[in-house]
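# sequence and computational prediction follow.
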Amino acid sequence: MPPALPHPALPRLTLVLGGARSGKSRHAEALVTACAPPWIYIATAQAFDDEMKDRIAQHKGRRAEGWQTLETTHDLAGLVRAQANSSVPMLIDCLTLWLSNVMLADMNVPARCAELIEALAMARGPIVAVSNEVGLGIVPDNALARAFRDAQGRLNQDVAAVADRVILMAAGLPLTLK
């Protein structure tokens, strides 16, 4: 793992986990904006319907000046590698939507996840990555949902293993796990 760039507010890699509406994106944004701008926002969402368009608009509306937005649906590892030596704080929101994009595109999920883990491990940071904790609910009733839950759990574990800090969000409150 390369040494982190000196940054008083952020370690090299922070993973922010939480359930739906736990406050994870807002908390991650606050971590990044505690640093001086500019900041990079890597967005992974696709606006397939009006509800998702509204969610994306809400996220964009929250952002202060100073954000540069980069969008990717599949090549998250490539974007992370392209910014690997940058000292500009980067927010990835979110790993869960990226993983669902990869699965729905019928890509090789283990290979794409391994590429991402390698890129994150090599990046000098600071990076804050947001991901959903999907393993706390009931067992899904269909094979695709179970496969997604399992892949997301593995991805979260792998990112946490290379992260310097892991935060679990619940009811808008952060709990530092690592």
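Good, I have the coordinates. Numbering: from 1, shown residues only.
# going forward, measure contacts between C-alpha atoms and count neighbours the same way
Will do.
# which elements pack onto the longest helix belonging to the chain?
Across the chain, the helix with the greatest residue count (assigned by DSSP state H) is helix 143-162. Identification of packing neighbours for helix 143-162 by 3 or more CA pairs under 8 Å, 6 or more residues apart in numbering; DSSP states H and E yields strand 13-18, helix 95-104, helix 109-122.
# let's verify the residue of the chain positioned farthest from its centre: helix, strand, or coil?
Distance from the centre of the chain peaks at residue 141, with 26.2 Å (CA atoms, centre = their mean). Following DSSP: H, G, I helix; E, B strand; the rest coil, residue 141 is assigned to coil.
# how far off centre is the longest helix of the chain?
Relative to its chain's centre, helix 143-162 lies at 13 Å (CA atoms, centre = their mean, to the nearest Å).
# cool, and stretch 67-81?
11 Å.
# then stretch 121-139?
That offset, for stretch 121-139, works out to 5 Å (CA atoms, centre = their mean).
# follow-up on the earlier one: any idea how far residue 134 is from the residue farthest from the centre of the chain?
Going from residue 141 to residue 134 by CA to CA, to the nearest Å gives 14 Å.
# likewise for residue 47?
Taking CA to CA, one finds residue 47 at 21 Å from residue 134.
# same deal with residue 169?
From residue 169 to residue 134 the distance is 13 Å (CA to CA).
# swap in residue 155?
Taking CA to CA, one finds residue 155 at 11 Å from residue 134.
# what does residue 68 give?
From residue 68 to residue 134 the distance is 29 Å (CA to CA).
# of these two, give the one with the bigger neighbour count.
Shown here are residue 68 and residue 134; by other CA atoms under 10 Å, residue 134 has more neighbours (20 against 13).
# and that one, its phi and psi?
As for residue 134, its main-chain torsions (degrees, to the nearest 10) stand at phi -110, psi 0.
# contact partners for residue 167?
Contact analysis of residue 167 by CA atoms under 8 Å, 6 or more residues apart in numbering lists 14, 15, 16, 17, 174, 175, 176, 177, 178.
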